[in-house]
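> just to be clear, the model below is a prediction. Sequence and coordinates:
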Amino acid sequence: MTLRETATFTDEAADRDGAGALVRVLRPLVQAEAYAEAHDGALDSADLEQAVWVRLLERLDAEGPPADAAGWVRGAVHEEARRARRRALRERPYAGEPPTGPAACPERAALVAERRRMLRAAVARTPGHCPRLLTAMLSSVDPTYREIAGQLGISQGSLGPMRSRCLGCLRRMLPAEVAAPELRGMER
């Protein structure tokens with residue numbers, strides 16, 4: 001069926017069955033035009049089709065069926081594709097997924113930040129080489145023992161015992177400052 005035959009048939013079908021016949025007749029034309037307009041993959045042809053159908057239904061309510069249905073479909077698909085391309089130029093992709101876990105809850109994030117601050121303050125009050133050692137171990141870059149030993153100017157073999165002493169000192173300091181975590185499971 002040519003476009004001229006489609007337009008003629010559309011007028012006859014609209015007189016007979018109304019909007020249902022018009023939709024049945026125009027469906028292949030709308031699909032073909034939307035597919036052709038979305039050929040480069042930047043647009044989704046199904047989205048274009050849906051937008052054209054909405055425009056057609058709005059037009060049927062307001063003005064009735066178009067006189068030249070094939071021409072109206074071509075123009076409507078072209079206009080909706082132009083709108084979609086303009087909209088795509090203005091849209092910016094979301095930078096990342098919304099946070100989940102402890103960072104998703106502002107109260108929990110504040111508590112975690114407070115615990116880190118208290119830990120850093122306690123580390124700063126430890127004696128001897130402990131502040132430097134513990135600060136190096138808490139680093140966000142997660143250094144190796146070799147890197148920590150080189151940074152502190154001590155042998156890698158003495159790093160383990162020194163770490164144990166510093167962590168023991170830190171354990172003795174923290175219970176007085178940080179509340180014990182809440183119990184999990186069943187209490188007896």
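Thanks, I have the structure now.

> the residue nearest to Asp47 when sequence neighbours are not counted: what's it in contact with?
Leaving aside its chain neighbours, Asp47 sits nearest to Ala84 (6.8 Å; criterion: C-beta to C-beta, 6 or more residues apart in numbering). Every residue, glycine included, has its C-beta placed from N, CA and C. By C-beta atoms under 8 Å, 6 or more residues apart in numbering, the contact set of Ala84 is 43, 47-48, 51.

> and which of those is nearest to Glu33?
Leu48 (8.1 Å; C-beta to C-beta).

> need the contact list for that closest one.
Here Leu48 is in contact with 34, 37-38, 77, 80-81, 84 (C-beta under 8 Å, 6+ apart).

> same thing with Ala124?
Pro131 are the contacts of Ala124 under C-beta under 8 Å, 6+ apart.

> next one: it relative to Ile154, how far apart?
Distance check for Ala124 against Ile154: by C-beta to C-beta, to the nearest Å, it reads 20 Å.

> before we move on, what about Arg82?
69 Å.

> between these two, who's got more neighbours?
Shown here are Arg82 and Ile154; by other C-beta atoms under 10 Å, Ile154 has more neighbours (15 against 11).

> the more buried one and Arg163 touch, don't they?
No - with contact defined as C-beta atoms under 8 Å, Ile154 does not count as touching Arg163 (10.8 Å).

> what separates stretch 45-56 from the chain centre, distance-wise?
26 Å (C-alpha atoms, centre = their mean, to the nearest Å).

> wait, stretch 150-170
Distance of stretch 150-170 from the chain centroid (C-alpha atoms, centre = their mean) equals 43 Å.

> cross the contacts of Leu48 against helices and list the overlap.
Counting by DSSP state H, those place 34, 37, 77, 80-81, 84 in helices.

> domains in the protein, by residue range?
Listed by automatic domain parsing, the domain ranges of the chain are 3-90, 106-177.

> list the buried residues for whatever helix or strand Leu170 lives in?
In the assignment (DSSP states H and E), Leu170 maps to helix 156-177. Residues of helix 156-177 classed as buried by neighbour count (16 or more other C-beta atoms under 10 Å): 159, 162-163, 165-166, 169-170, 173.

> and what of stretch 82-93?
For stretch 82-93, by 16+ other C-beta under 10 Å, it's Ala84.

> ok, stretch 132-148 next?
Neighbour-count burial for stretch 132-148 [16+ other C-beta under 10 Å]: 132-134, 136-137, 148.

> any idea which of these is closest to Pro28?
Distance to Pro28 across the buried residues of stretch 132-148 (C-beta to C-beta) is lowest for Met137, with 69.1 Å.
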